[in-house]
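Chemist: Generate coordinates for the sequence data below:
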Amino acid sequence: MLTCLFTGCKDTELHHDYPIKPVDFTEVVIDDLFWKPKLENNRLVTIPFGFKMCESTGRIDNFAVAAGMKTGSFQGEFPFDDSDVYKIIEGASYSLSQHYDLDLDQYTDSVIHKIEQAQEPDGYLQTWRIIDPGSPGSEWWGDSVRWTSLIHGHELYNAGHLYEAAVAHYKATGKTSLLDVAIRNADLVVNTFGKDKIIDIPGHEEIEIGLIKLYRVTGNVDYLNMAKFFVDQRGVKEGRELWGTYHQDHIPVREQTEAVGHAVRAVYLYSAMTDLAAISGDRSYIPALEKIWEGIIHQKLYLTGGIGASRQGESFGAPYELPNAEAYSETCAAIGMVLWNYRMFLLTGEGKYIDVLERSLYNNVIAGVSYSGDRFFYPNPLESDGETPFNYGLATRQEWFPCACCPSNVSRILPSIPGYIYATKGDTIYVNLYINSTAEIALGKHSVRIQQTTDFPESGSVLLNIGHSERRSYVIAIRIPGWSLGHPLPGDLYHFVENIMLKPPQIQLNNETMDFSIHNGYVYIKKIWEDSDELKLELPLRIEKIISHSMVTENTDKVALQRGPLVYCFEEIDNKDDFSNLSISNTSILKFRIDQDLLGGTDVIHVENMDHAFNAIPYYKWSNRGENKMKVWVPLITDK
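Modeler: Residues are numbered from 1 along each chain as shown. Down below sits the predicted model:
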């Protein structure tokens, strides 16, 4: 088995890879007024709460029963319940890298021990089949024979999350306990599927991502080839029955041009295709990926960075079908947008992908977890009447769900954020996100220390202090977000009402203002850098009124508010006097302030009309005060 004798082990050197390399989460420490409280809440509340719920619902006991450590039957409603345990372990691993916690480390090891003991000698690991091979009778489960209900049985989906958790745990702790489990399982999968073996694919994409991560740390090309087989077999009729558009299994992936079907499945597939385009060297996936991305950005993306308009099948809708109250916009799907768009950036170096990642992350993703850290959204509508249930029976946040994919997914995405801030290519360092942080960045045989100081998104001021032992020539690429240049998002789906740049972004080098040009969303600054050089970026943050493309009939004659990457919404609790008559006009006065007494300190946009005044809060903070009416899009009144 692979061994590692120190914390923070690196990926193996690959023959092909992304041209841009992320600076690993183990090399970045966040100390940020916006993000650090969320990461600490995730560490102290969300992850322990997730483990507690996995205990109380039997998810962890299922491993103990499968191992013979306890007696009992399988507990749970779905065959993919194992994956929730894996995802929370992944989140715990990322969290341990940022803030070591002995209790969390030891508890995680105790759960991993049960997983180890539950695994069958040949590497198979699916608790319900090990505990009770007889079929419970639901379409989810299939029969007692391995690999015969791949469309719903989620054996391969669970395996993918096992692999991702194993790699994160290995990198964060240097321990190989879970990695050894993952390798044994992946070897079984490689020996089971492929040409002259079982010619079939997972019903829910995910194992492809996990296999590629395993390939990165082990160098075992069989895992890469297995991922490629699963992706390339999708939509191919020979040897199997196609499952249709819901599973992105209607035509071969290279021929697909539109995002269709289950939104989470889709973006996991696109993430794997992007990985393969970079890491296998097969660039034939790229035209399809670009066409699909353009279609989403121009026709199927919510202002909050969410995807999936239809509750029927948690699926993409038709072009421009973006309902507000009926929006599904699943938390997991927004997380998938973060995963996919970061990969597209690593492949191309284009800032537009980080623009979308940032929008999804600052809005739809973090809306998925409450201010308290222990209540969750599965769907994320952009409007609510405060009464109609939309979140598994409630019109507000839920403690947990029978299908708990979203809470466990949130617990792993939040502590992985350090890995999205910086990246490198040759002698270039990319600064993608503006988060108060310190990074040790390898650049060739040397390293560069970047201390980023900012209170973004409260203000647009960013200071980068550069540190190293000797003068060196290299490039720092600073991302200039599209919203700071008059574009709410890439594409033409959304527009600012007043597209007037009052103050352009500014950059200073050692207190001297620079002239600059922007290439693919970045300013490239090449010089011989001295220790303690300083770069200052000033992004214009102003309140913007946004309108939709005319084809989005749901938003006809309506407007939304945005400041920087944050989308705002109106809740009735803040606007009790006249919520039903809430509107914004072209003469409305919009003021920004901080309410320190509201949910730990909250940005507020105060709207003053001729006869009414209203308050809007960031979308991600809504529904933290019980069932409540809410709107993102409100009537736009044209005053004479």
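
Chemist: Helices along the stretch 51-200 of the chain, start to end?
Modeler: Using DSSP state H, counting those that start in this stretch, the helices of the stretch 51-200 of the chain run over 59-67, 81-98, 102-118, 127-131, 150-153, 155-173, 177-192.

Chemist: Let's see the second one as PDB, backbone CA atoms only.
Modeler: Listed in PDB are the C-alpha atoms of helix 81-98, where the atom choice follows Å, rounded to 0.1, in the frame of the first residue of the first chain:
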ATOM      1  CA  ASP A  81     -26.600   6.700   2.900                       C
ATOM      2  CA  ASP A  82     -23.000   5.500   3.200                       C
ATOM      3  CA  SER A  83     -21.900   8.500   1.100                       C
ATOM      4  CA  ASP A  84     -23.000  11.000   3.800                       C
ATOM      5  CA  VAL A  85     -20.500   9.500   6.200                       C
ATOM      6  CA  TYR A  86     -17.700   9.700   3.600                       C
ATOM      7  CA  LYS A  87     -18.500  13.400   2.800                       C
ATOM      8  CA  ILE A  88     -18.400  14.400   6.500                       C
ATOM      9  CA  ILE A  89     -15.100  12.600   6.900                       C
ATOM     10  CA  GLU A  90     -13.800  14.600   3.900                       C
ATOM     11  CA  GLY A  91     -15.000  17.800   5.500                       C
ATOM     12  CA  ALA A  92     -13.500  16.900   8.800                       C
ATOM     13  CA  SER A  93     -10.200  16.200   7.000                       C
ATOM     14  CA  TYR A  94     -10.100  19.600   5.300                       C
ATOM     15  CA  SER A  95     -11.000  21.200   8.700                       C
ATOM     16  CA  LEU A  96      -8.200  19.400  10.500                       C
ATOM     17  CA  SER A  97      -5.800  21.000   8.000                       C
ATOM     18  CA  GLN A  98      -6.900  24.500   8.900                       C
END
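
Chemist: ok, residue 585 to residue 634 distance?
Modeler: 11 Å (CB to CB, to the nearest Å). Every C-beta, even on glycine, is put in place using the N, C-alpha and C of the backbone.

Chemist: more neighbours, these two?
Modeler: The residue with more neighbours, out of residue 585 and residue 634, is residue 634; 21 against 16, by other CB atoms under 10 Å.

Chemist: Any idea which of the helices of the stretch 51-200 of the chain gets closest to residue 450?
Modeler: helix 81-98 (16.8 Å; CB to CB).

Chemist: so how far is the closest one off the chain centroid?
Modeler: 14 Å (CA atoms, centre = their mean, to the nearest Å).

Chemist: Now do it, average pLDDT.
Modeler: The pLDDT scores in helix 81-98 average 96.

Chemist: Any figure for the gap between residue 382 and residue 203?
Modeler: When residue 382 is compared with residue 203 (using CB to CB), they lie 30 Å apart.

Chemist: Give me the more crowded residue out of these two.
Modeler: A direct count of neighbours by other CB under 10 Å for residue 382 and residue 203 places residue 382 higher, at 27 against 21.

Chemist: ok, that one touching residue 326?
Modeler: No - assessed by CB atoms under 8 Å, residue 382 is found out of contact with residue 326, at 9.7 Å.

Chemist: okay, now the domains of this structure?
Modeler: Residue ranges for the domains of the chain, per automatic domain parsing: 21-420, 423-479+506-538, 543-637.

Chemist: Quick one: closest of those domains to residue 489.
Modeler: Nearest of the domains of the chain (CB to CB): domain 21-420, 6.1 Å.

Chemist: Next, the distance between the ends of that closest one.
Modeler: In terms of CA to CA, to the nearest Å, the two terminal residues of domain 21-420 are separated by 10 Å.

Chemist: can you check stretch 295-302 too?
Modeler: 13 Å.

Chemist: Check stretch 251-262 too.
Modeler: For stretch 251-262, the end-to-end distance is 15 Å (CA to CA).

Chemist: What are the buried residues along that stretch?
Modeler: 253-254, 256, 258-262 (16 or more other CB atoms under 10 Å).

Chemist: what do you get for stretch 182-192?
Modeler: 182-190, 192.

Chemist: Stretch 281-299 now?
Modeler: Buried residues in stretch 281-299 (16+ other CB under 10 Å): 282, 285-286, 288-289, 292-293, 295-299.

Chemist: same check, this time on stretch 92-105
Modeler: 92-98, 101, 104-105.

Chemist: Can you add distance to residue 495 and give the domains of the chain back as a markdown table?
Modeler: Shown next, in a markdown table, are the domains of the chain (distance: least, CB to CB, whole Å):
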| stretch | distance to residue 495 |
| --- | --- |
| domain 21-420 | 11 |
| domain 423-479+506-538 | 19 |
| domain 543-637 | 6 |
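
Chemist: out of those, which comes closest to residue 491?
Modeler: domain 21-420 (4.0 Å).

Chemist: so how many other residues sit close to residue 472?
Modeler: Using other CB under 10 Å: residue 472 sits among 17 other residues.

Chemist: What does the pLDDT read for the closest residue to it other than its chain neighbours?
Modeler: Closest residue to residue 472 apart from its sequence neighbours, by CB to CB, 6 or more residues apart in numbering: residue 529 at 5.8 Å. Confidence at residue 529, expressed as pLDDT, is 96.

Chemist: Can you get me a residue count around residue 529?
Modeler: When neighbours are counted by other CB under 10 Å, residue 529 comes out with 22.

Chemist: thought residue 527 was touching residue 473?
Modeler: Yes - contact criterion CB under 8 Å: residue 527 and residue 473 qualify, at 7.0 Å.

Chemist: With neighbour numbers in mind, choose between those two.
Modeler: Shown here are residue 527 and residue 473; by other CB under 10 Å, residue 527 has more neighbours (13 against 9).

Chemist: Same list (the helices of the stretch 51-200 of the chain) but as JSON lines, adding distance to residue 230.
Modeler: Listed next are the helices of the stretch 51-200 of the chain as JSON lines, based on distance: least, CB to CB, whole Å:
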{"stretch": "helix 59-67", "distance to residue 230": "25"}
{"stretch": "helix 81-98", "distance to residue 230": "17"}
{"stretch": "helix 102-118", "distance to residue 230": "23"}
{"stretch": "helix 127-131", "distance to residue 230": "20"}
{"stretch": "helix 150-153", "distance to residue 230": "10"}
{"stretch": "helix 155-173", "distance to residue 230": "8"}
{"stretch": "helix 177-192", "distance to residue 230": "9"}
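
Chemist: Which single one of the buried residues of stretch 251-262 is nearest to residue 274?
Modeler: residue 253 (11.4 Å).

Chemist: What does the closest one show for phi and psi?
Modeler: phi -60, psi -30 (degrees, to the nearest 10).

Chemist: So which residues of the stretch 501-640 of the chain form strands?
Modeler: In the stretch 501-640 of the chain, the strands defined using DSSP state E, counting those that start in this stretch lie at 506-509, 512-513, 522-529, 534-538, 543-548, 558-563, 566-571, 584-585, 589-595, 602-608, 613-618, 630-631, 634-637.

Chemist: how about TSV for those strands, with distance to residue 396 added?
Modeler: Output for the strands of the stretch 501-640 of the chain, formatted as TSV (distance: least, CB to CB, whole Å):
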stretch	distance to residue 396
strand 506-509	42
strand 512-513	48
strand 522-529	41
strand 534-538	38
strand 543-548	26
strand 558-563	22
strand 566-571	11
strand 584-585	25
strand 589-595	21
strand 602-608	18
strand 613-618	15
strand 630-631	10
strand 634-637	21
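
Chemist: out of these, nearest to residue 456?
Modeler: Once those are compared by CB to CB, strand 534-538 is nearest, at 9.5 Å.

Chemist: The closest one versus strand 522-529: what angle between them?
Modeler: Orientation of strand 534-538 against strand 522-529 (axes from the mean of the first three to the mean of the last three CA atoms, to 10 degrees) gives an angle of 160 degrees.

Chemist: What residues of strand 534-538 count as buried?
Modeler: 535-538.

Chemist: then that strand to CSV, C-alphas only?
Modeler: The C-alpha coordinates for strand 534-538 follow below in CSV (Å, rounded to 0.1, in the frame of the first residue of the first chain):
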residue,chain,number,x,y,z
GLU,A,534,3.0,45.3,-1.7
LEU,A,535,0.1,45.2,-4.2
LYS,A,536,-3.1,47.0,-3.5
LEU,A,537,-6.3,46.3,-5.4
GLU,A,538,-9.4,48.5,-5.0
